[in-house]
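Colleague: All I have is the shape, not the residue letters:
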């Protein structure tokens, strides 16, 4: 625990400095927001495989609405994409 706490504190400190550049955030009505982020997070495995073969396929929409798109993308990967499912243990009984 003594080794993990300083690493966790440094990681948290450095992540607070992260920001998204203005060119990546769009305020227009047609730019991807939360719902598109959720969808893109859900289809991430397939879009990643497609991007290996086709340079026109991207896994992340830029420009997007910023934090809401990121939040939807995160939820799409972790919840809908099975992120928590693959880490769970089955009970043997």
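Modeller: Everything's here; your move. Computed from a predicted model, the values in this text were never measured in an experiment.

Colleague: quick check, residue 74 in a strand?
Modeller: No. Counting by DSSP: H, G, I helix; E, B strand; the rest coil, one finds residue 74 to be helix, located in no strand.

Colleague: how much space is there between the residue nearest in space to the middle of the chain and residue 38?
Modeller: The residue lying closest to the centre of the chain (CA atoms, centre = their mean) is residue 74, at 3.8 Å. Residue 74 is 9 Å from residue 38, where distance means CB to CB, to the nearest Å. Glycine gets a C-beta too; all of them are placed from N, C-alpha and C.

Colleague: Residue 7 too?
Modeller: 31 Å.

Colleague: Among the two, which residue is more densely surrounded?
Modeller: Between residue 7 and residue 38, residue 38 has the larger neighbour count (other CB atoms under 10 Å), namely 21 against 9.

Colleague: which stretch of helix or strand covers the more buried one?
Modeller: For residue 38, the host element (DSSP states H and E) is helix 34-42.

Colleague: Now that helix: average pLDDT?
Modeller: Mean pLDDT, helix 34-42: 92.

Colleague: Ok, stretch 2-14 next?
Modeller: 85.

Colleague: Return the set of buried residues in it.
Modeller: Buried residues in stretch 2-14, counting neighbours by 16 or more other CB atoms under 10 Å, are absent.
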